[in-house]
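Asker: with the sequence up front, the predicted model follows.
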Amino acid sequence: MAYYVSEREGQFDFYNTFLPRVDGSLSMDDILADNNDGVLNGNLLEFKYPVKDLNEHLFQCVKYLSAMRIKGKPVPAAVLIVDLQAETVYQYDSAPYLPEIERVYYGGASKNNSGFIAGSPARVLRYGTDEMDAESLVQILREKKFIKIHMDENCIVGWATSYYKAVPTARKEDFLGDDTGKHKTIGEIRRPRVFSEYIYPYTGATNVKFNYLMDKLNDTLQKKNLGAFYTPNPYAAKSLELVRQAISRVPEGNDYMILDRCAGTGNLERLMTDEELSHCILSTVEYYEYKVLQELLGAKVRHIIPPAEKEDTFNAGLVTGADALSREYVENPVIRKYIDDPRCTIILFENPPYAETTSVEHQKRGKGKGSSTWKNSYVVTEMKRHVKGTASNELGNAFIWSAFQYYLRQPTDSYVVYSPVKYWKAQHLINKRFLNGFAFNRKHFHTNIEACIMVALWSNEDADIKSLTLKAFDIGDNQALTACGTLSVKRIYEKYSKWYYDKRKFPDDVPGGVLLGYDGLPHGEHIKPTLQPVYNDNIIGYMVVDSSNFDNPDLMSVLIRCGLYKGHGYYLRADNYLEKLPMFCASRYITYNRAWTERARIMKSADGAKRFQRDVASGKLDQFLRKCLLFTCLEMQNHMRTFQGSDGRCYRNELCLDGTNGETIALRDIGRLTQNDAEKQLLSQWRTLLEAARRAPEYSSDCTYGVYQIYADIDTFHRDELTGSIIYHNQEVHSALGALKGLVKAYYNSQIVPVLFDYEFIK
């Protein structure tokens with residue numbers, strides 16, 4: 001009988017005992033994964049202290065094996081339930097439970113396990129009292145056997161991901177290929193080679209079973225090059241209301257054509273009536289989606305581009321003639337027949353792809369900007385002649401611009417399009433009449449991002465619209481639409497950099513000084529800077545508030561003591577720094593307002609600059625600016641530090657509330673704030689934090705601390721080797737920081753945000 005303080009202690013003791021005999025090169029990190037007690041070679045281990053019900057424990061393990069299958073990981077052939085108290089192992093073979101393993105389970109694996117009836121264990125090993133059993137256990141733990149699983153829609157994405165990791169040069173046909181059509185490549189799922197020990201051959205004649213997942217089954221680079229344009233069924237159904245509104249605009253006596261140039265497998269059109277489908281022309285540029293599209297909708301729609309597969313249709317995973325950005329497609333005679341017919345009304349219905357081909361995946365493979373072949377396409381080349389700025393750098397914009405340029409030509413023509421609102425709100429890509437629209441949650445579009453996607457019905461009529469109203473809908477667990485009210489989308493016109501950045505140069509500015517990274521520390525010498533540093537006694541910091549949107553908010557919002565090595569900002573000077581702080585405050589909006597309805601809808605603007613500057617000059621905003629100062633001093637993204645520079649100068653953090661070494665500029669100006677109860681509470685909590693920091697061994701009385709430097713230098717921790725838990729070295733500091741964060745968020749949203757909206761810093 002063994003005794004442990006906890007189950008975790010017994011688990012670690014077990015591994016420390018047997019790992020040296022099994023494989024001395026393995027560590028605990030190699031074994032522990034997927035929120036289970038460990039996978040060692042071909043064995044899933046589950047520890048109990050003690051075992052209470054083998055039926056329930058085995059069902060818990062079945063759920064773990066199900067999760068491994070879904071993630072595309074080999075499924076161990078053995079399950080070992082370890083009774084740590086009795087020092088006994090119950091070995092079960094996984095194969096008899098394959099039907100249960102191939103189901104999908106929701107919720108915690110350790111819950112709701114009663115009622116499962118397990119068979120008898122294959123072996124029972126009493127390793128604590130029987131040396132032969134202990135030796136047998138070592139041999140079992142050395143086994144590298146796995147069971148084969150069947151491929152289905154629940155696990156195919158996981159296995160595709162594992163396949164592309166195992167074979168980095170593989171393409172989609174290598175994984176998914178079949179012997180239908182003109183291009184016959186038998187893929188891994190049908191003739192396993194890499195995974196021959198782990199999966200049964202998939203026997204489906206075609207890939208139609210995976211039609212909703214085809215965008216996720218592309219190889220890694222193809223995903224980035226093509227972008228994703230999957231649309232969940234509830235949203236596709238809702239957007240059909242806009243299509244039908246567009247159809248209602250067709251003049252009496254006219255034919256109409258519905259064009260979707262990026263149809264994928266046709267999920268946007270799947271819920272259309274047969275009558276509506278009979279007016280559709282569909283295309284998709286990815287070969288295996290094209291084949292599924294043909295199978296599902298080919299007999300119902302008016303045309304598919306190209307109409308039939310030929311010997312040269314397959315082109316490195318793409319479809320010859322289906323590239324909507326090519327001149328060949330723009331001039332396609334099948335489509336032009338309808339465009340050139342004045343008695344035909346044109347309706348485009350699309351969810352254009354989004355591609356980011358400067359991603360980490362491309363860089364790893366040495367295929368960065370060179371993979372952005374669409375940027376050299378006919379449509380994008382033409383677009384750049386008409387559209388200035390960065391709008392032409394986005395793939396989705398090329399579809400939107402070309403829709404109005406090449407296809408829509410009468411006032412009753414319409415475009416129903418899915419896209420983030422940026423193309424209209426900030427980039428002003430189109431100026432057309434808005435008829436109707438919805439806001440949807442982007443996370444349901446095969447992404448992990450909670451953000452706003454607009455599906456809008458545009459009329460092909462010029463209009464100067466300054467705001468839109470969208471009905472918002474999320475998708476619940478039951479796949480039903482949930483109404484989330486109405487959302488306003490307002491256009492923005494001016495950028496911070498034009499109106500608010502301080503571009504002054506002083507006669508006593510001295511070339512030199514130091515440059516910093518995003519963490520407020522001197523940048524690494526291996527990184528080539530793009531900013532030439534400047535020193536002046538009146539410089540108290542450097543601020544960057546880049547981009548109108550809130551993508552990567554922590555990279556686009558920088559406040560540090562000296563210049564950022566990458567530049568893109570301006571030096572913050574003592575004589576006017578207060579009036580610059582609302583920009584920094586605005587840059588934190590999405591951090592404290594993370595709802596999907598906000599991200600990608602709310603953006604930064606300088607549209608209220610003239611009114612703001614007038615009210616600053618009059619003194620009307622004196623108290624508000626000091627509120628912004630208080631927030632800035634207590635906000636974690638303020639990365640100002642006190643440090644000794646390589647140029648021999650001491651750089652003191654002046655935007656903090658630590659007066660240990662004399663009054664800072666911030667303390668001087670905060671003294672003029674008429675404090676309300678919330679501000680008194682914030683300052684009290686700051687003092688609690690500072691006092692806790694002073695008691696910490698890491699504290700230096702020579703340093704002037706801000707919140708971030710306390711967090712970085714004093715709120716340190718280590719991870720307990722036995723339990724894996726995080727142990728904070730200064731618990732009082734950590735607790736005080738946590739309490740401060742909650743107060744800062746509440747203060748920001750109640751005291752700062754309304755004024756930022758009023759002066760259109762956020763809009």
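Answerer: Received it, and whenever you're ready, just let me know what you need. Just so it is clear, the model here is predicted, and its values are computed rather than measured.
Asker: quick one: residues contacting Phe506.
Answerer: 536, 538 (Cβ atoms under 8 Å, 6 or more residues apart in numbering). (Glycine included, C-beta is placed from N, CA and C.)
Asker: helix or strand: which one has it?
Answerer: Assigning secondary structure by DSSP states H and E places Phe506 outside every helix and strand.
Asker: with Tyr338 instead?
Answerer: Counting by DSSP H and E, Tyr338 is found in helix 333-339.
Asker: now do Thr674
Answerer: Short version, using DSSP H and E: Thr674 is in no helix or strand.
Asker: so how far is Gly187 from the residue lying closest to Tyr708 once chain neighbours are set aside?
Answerer: Excluding the flanking residues, the one nearest Tyr708 by Cβ to Cβ, 6 or more residues apart in numbering is His639, at 5.2 Å. Using Cβ to Cβ, to the nearest Å, His639 is found at 49 Å from Gly187.
Asker: more neighbours, these two?
Answerer: Between His639 and Gly187, His639 has the larger neighbour count (other Cβ atoms under 10 Å), namely 27 against 22.
Asker: contact partners for that one?
Answerer: 518-520, 558-560, 708.
Asker: restricted to strands, list those.
Answerer: Per DSSP state E, strands hold the following members of the contacts of His639: 558-560.
Asker: thought Pro306 was touching Asn315?
Answerer: No. The criterion here is Cβ atoms under 8 Å, and Pro306 misses it with Asn315 at 11.4 Å.
Asker: which of these two has more residues huddled nearby?
Answerer: Each of Pro306 and Asn315 has its neighbours counted (other Cβ under 10 Å); Pro306 has more, 17 against 14.
Asker: look up the pLDDT of the more buried one for me, please.
Answerer: Per-residue confidence at Pro306 stands at 92 (pLDDT).
Asker: wait, what's in contact with the closest residue in space to it that isn't next to it in sequence?
Answerer: Distances taken as Cβ to Cβ, 6+ apart place Gly321 nearest to Pro306, at 4.6 Å, with adjacent residues excluded. The contact partners of Gly321, by Cβ under 8 Å, 6+ apart, come to 305-306, 313, 328-329, 332.
Asker: cool, and Asp152?
Answerer: Taking Cβ under 8 Å, 6+ apart, one finds 102, 209 in contact with Asp152.
Asker: what's downstream of the helix or strand of the chain with the lowest mean pLDDT, the next helix or strand?
Answerer: In the chain, the helix or strand scored least confidently by mean pLDDT, DSSP states H and E is helix 360-364, which has a mean of 36. Remark: after helix 360-364, the chain's next helix or strand is helix 378-386, criterion DSSP H and E.
Asker: put the alpha carbons of that next one into PDB.
Answerer: Listed next in PDB are the C-alpha coordinates belonging to helix 378-386 (Å, rounded to 0.1, in the frame of the first residue of the first chain):
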ATOM      1  CA  TYR A 378      -4.700  41.200 -63.800                       C
ATOM      2  CA  VAL A 379      -7.400  42.500 -61.500                       C
ATOM      3  CA  VAL A 380      -5.100  43.700 -58.700                       C
ATOM      4  CA  THR A 381      -2.800  45.400 -61.300                       C
ATOM      5  CA  GLU A 382      -5.800  47.200 -62.700                       C
ATOM      6  CA  MET A 383      -7.100  48.000 -59.200                       C
ATOM      7  CA  LYS A 384      -3.800  49.700 -58.300                       C
ATOM      8  CA  ARG A 385      -4.300  52.100 -61.200                       C
ATOM      9  CA  HIS A 386      -7.600  53.300 -59.600                       C
END
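Asker: ok now that helix, how far from the chain's centre?
Answerer: 29 Å (Cα atoms, centre = their mean, to the nearest Å).
Asker: next one: stretch 434-447
Answerer: Using Cα atoms, centre = their mean, the offset of stretch 434-447 from its chain centre is 16 Å.
Asker: got the buried residues for it?
Answerer: With burial defined by 16 or more other Cβ atoms under 10 Å, the residues of stretch 434-447 counted as buried are 434-446.
Asker: biggest separation within these, which pair?
Answerer: Spanning the widest gap among the buried residues of stretch 434-447 are Leu435 and His446, at 28.0 Å by Cβ to Cβ.
Asker: ok, now which ones touch the residue nearest the centre of the chain?
Answerer: By Cα atoms, centre = their mean, the chain has its centre lying nearest to Ile449, at 4.2 Å. Counting by Cβ under 8 Å, 6+ apart, Ile449 makes contact with 442-443, 599.
Asker: what do you get for Phe210?
Answerer: Phe210 touches 153, 156, 176, 217, 292, counting by Cβ under 8 Å, 6+ apart.
Asker: so which of those is the closest to Tyr198?
Answerer: For the contacts of Phe210, the nearest to Tyr198 is Ile156 (13.2 Å; Cβ to Cβ).
Asker: please tell me the pLDDT value assigned to the closest one.
Answerer: 90.
Asker: now it, nearest residue through space, not along the chain?
Answerer: Nearest one to Ile156, counting by Cβ to Cβ, 6+ apart, is Phe210 at 5.8 Å.
Asker: for that neighbour, give its distance to Leu296.
Answerer: 12 Å.
Asker: tell me the confidence at Thr447?
Answerer: 80.
Asker: just give the nearest non-adjacent residue to His150, would you?
Answerer: Per Cβ to Cβ, 6+ apart, closest to His150 is Tyr200, 5.2 Å.
Asker: residue contacts, the one you found?
Answerer: Neighbours of Tyr200 in contact, by Cβ under 8 Å, 6+ apart: 148-151, 192.
Asker: one step back: now, which of the contacts of Phe210 lie within helices?
Answerer: Among the contacts of Phe210, the members found in helices (DSSP state H) are 156, 176, 292.
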